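Colleague: Build me a model:
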Amino acid sequence: NGAVNRDQGVTRAISSFIDPSLNWADLEFFQSITSLPIVLKGVQCAEDAVLALRYGCAGVVLSNHGGRQLDTARSGIEILAEVMPAL
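Modeller: The predicted structure is shown next:
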(Lines give C-alpha, C1' and ligand atoms only; values in the text may rest on other atoms or scores of the structure.)
Protein backbone atom coordinates (compact mmCIF):
# COMPACT_ATOMS: atom_id res chain seq x y z
CA ASN A 1 0.00 0.00 0.00
CA GLY A 2 3.07 2.27 0.25
CA ALA A 3 2.01 3.85 3.54
CA VAL A 4 4.81 4.93 5.85
CA ASN A 5 4.45 4.11 9.53
CA ARG A 6 6.02 7.14 11.23
CA ASP A 7 5.77 5.58 14.69
CA GLN A 8 8.67 3.15 14.16
CA GLY A 9 11.64 5.52 13.95
CA VAL A 10 14.43 6.07 11.47
CA THR A 11 16.43 2.91 12.20
CA ARG A 12 13.47 0.63 11.65
CA ALA A 13 12.49 2.45 8.45
CA ILE A 14 16.00 2.19 7.01
CA SER A 15 16.35 -1.47 7.99
CA SER A 16 13.34 -2.29 5.81
CA PHE A 17 15.63 -1.79 2.79
CA ILE A 18 18.14 -4.44 3.97
CA ASP A 19 17.88 -7.93 2.52
CA PRO A 20 18.41 -10.29 5.48
CA SER A 21 19.01 -13.25 3.17
CA LEU A 22 22.34 -11.87 1.87
CA ASN A 23 25.31 -13.90 3.03
CA TRP A 24 28.99 -14.41 2.32
CA ALA A 25 28.31 -17.02 -0.37
CA ASP A 26 26.47 -14.38 -2.41
CA LEU A 27 29.84 -12.80 -3.19
CA GLU A 28 30.49 -15.71 -5.57
CA PHE A 29 27.47 -14.63 -7.61
CA PHE A 30 28.64 -11.02 -7.81
CA GLN A 31 32.10 -12.21 -8.87
CA SER A 32 30.53 -14.33 -11.60
CA ILE A 33 28.79 -11.36 -13.21
CA THR A 34 31.62 -8.81 -13.18
CA SER A 35 35.32 -8.60 -13.78
CA LEU A 36 35.52 -5.46 -11.67
CA PRO A 37 37.09 -5.65 -8.21
CA ILE A 38 34.52 -5.94 -5.42
CA VAL A 39 34.89 -3.67 -2.41
CA LEU A 40 32.62 -4.41 0.52
CA LYS A 41 31.25 -1.38 2.38
CA GLY A 42 29.92 -1.47 5.91
CA VAL A 43 32.50 -3.68 7.60
CA GLN A 44 32.31 -3.20 11.38
CA CYS A 45 34.73 -5.76 12.82
CA ALA A 46 37.97 -7.61 12.15
CA GLU A 47 36.20 -10.93 11.60
CA ASP A 48 34.16 -9.51 8.71
CA ALA A 49 37.25 -7.90 7.16
CA VAL A 50 39.00 -11.29 7.21
CA LEU A 51 35.94 -13.01 5.72
CA ALA A 52 35.73 -10.39 2.97
CA LEU A 53 39.34 -11.13 2.05
CA ARG A 54 38.71 -14.89 2.19
CA TYR A 55 35.71 -14.55 -0.13
CA GLY A 56 37.72 -12.61 -2.69
CA CYS A 57 36.93 -8.96 -2.03
CA ALA A 58 39.55 -6.55 -3.30
CA GLY A 59 39.01 -4.28 -0.32
CA VAL A 60 36.72 -3.18 2.45
CA VAL A 61 35.32 0.15 3.59
CA LEU A 62 35.02 0.48 7.34
CA SER A 63 31.68 2.21 7.59
CA ASN A 64 28.58 2.24 9.73
CA HIS A 65 26.46 3.94 7.05
CA GLY A 66 25.76 6.89 9.35
CA GLY A 67 24.90 4.63 12.27
CA ARG A 68 26.58 6.86 14.85
CA GLN A 69 23.77 9.34 14.40
CA LEU A 70 21.18 6.60 14.84
CA ASP A 71 22.46 4.13 17.38
CA THR A 72 25.96 5.10 18.55
CA ALA A 73 27.72 2.56 16.30
CA ARG A 74 31.51 2.79 16.28
CA SER A 75 33.11 5.02 13.67
CA GLY A 76 35.33 3.64 10.92
CA ILE A 77 38.46 5.08 12.52
CA GLU A 78 37.65 3.27 15.77
CA ILE A 79 37.32 -0.02 13.90
CA LEU A 80 40.58 0.51 11.99
CA ALA A 81 42.75 -0.30 15.00
CA GLU A 82 41.01 -3.68 15.32
CA VAL A 83 40.98 -4.54 11.62
CA MET A 84 44.56 -3.73 10.58
CA PRO A 85 46.31 -6.35 12.78
CA ALA A 86 43.80 -9.01 11.66
CA LEU A 87 44.64 -8.52 8.00
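
Colleague: Give me the contacts around stretch 45-61.
Modeller: Residues from elsewhere that reach stretch 45-61 (C-beta atoms under 8 Å, 6 or more residues apart in numbering): 24, 27-28, 31, 37-43, 62, 76, 79, 82-83, 85-87. Any C-beta I mention is one placed from the backbone N, CA and C, and that applies to glycine too.

Colleague: and if we set it to 6 Å?
Modeller: 24, 27, 31, 37-41, 43, 82-83, 86-87 (C-beta atoms under 6 Å, 6 or more residues apart in numbering).

Colleague: Past the lowest-mean-pLDDT helix or strand in the chain, which element shows up next along the chain?
Modeller: Least confident element among the helices and strands of the chain, by mean pLDDT, DSSP states H and E: helix 67-71 (a mean of 60). Downstream of helix 67-71, the next assigned helix or strand under DSSP states H and E is helix 76-86.

Colleague: Distance of residue 61 relative to residue 9?
Modeller: Here the criterion is C-beta to C-beta, to the nearest Å. By it, residue 61 lies 26 Å from residue 9.

Colleague: If you could redo that for residue 20, that was the one I meant.
Modeller: Distance from residue 20 to residue 9, by C-beta to C-beta: 18 Å.

Colleague: Mind checking which of these two has more residues around it?
Modeller: residue 9 (11 against 6; other C-beta atoms under 10 Å).

Colleague: Could you pull up phi and psi at the residue nearest the centre of the chain?
Modeller: Central residue of the chain (C-alpha atoms, centre = their mean): residue 42, 2.8 Å from the mean position. In terms of degrees, to the nearest 10, the main-chain angles of residue 42 are phi 100, psi 10.

Colleague: how about the nearest residue to it, chain neighbours excluded?
Modeller: residue 63 (5.3 Å; C-beta to C-beta, 6 or more residues apart in numbering).
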